[in-house]
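Asker: Sequence and predicted structure, then a few things I'm wondering about:
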Amino acid sequence: MADLRKLTRNEWDRLDTQFARTPDPDEGSSASGEHYMLTYILNQLGFHPMSRREAMDLAERLLSNGWTDNK
């Protein structure tokens, strides 16, 4: 994936909160809806991961990219 845009602080906070709640897909099976919520947030931000692992990796990259105060 190419360079990712920086999220706004509100977007970053929202993604960070959900990312922290979402279990790693490699650590056993998870019937919780946390992965669905993470994918939903990513979709709203304009990203469309195709798997749980891709959603986790993408969220991690976006979060490590920091945020911008620009709207």
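Answerer: Arrived safely.
Asker: Can you pull out the low-pLDDT segments for the protein?
Answerer: 1-2, 28-31, 70-71 (pLDDT under 70).
Asker: quick one: the helices in it?
Answerer: All helices of the chain, identified by DSSP state H, fall at 9-21, 34-44, 52-64.
Asker: Mind listing what's buried along the second one?
Answerer: This points to helix 34-44. Buried residues in helix 34-44, counted by 16 or more other CB atoms under 10 Å: Glu34, His35, Leu38, Thr39, Ile41, Leu42. Any C-beta I mention is one placed from the backbone N, CA and C, and that applies to glycine too.
Asker: As CSV, those residues with distance to Leu7 would be great.
Answerer: Putting the buried residues of helix 34-44 into CSV (distance: CB to CB, whole Å) gives the following:
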residue, distance to Leu7
Glu34, 19
His35, 19
Leu38, 14
Thr39, 16
Ile41, 10
Leu42, 11
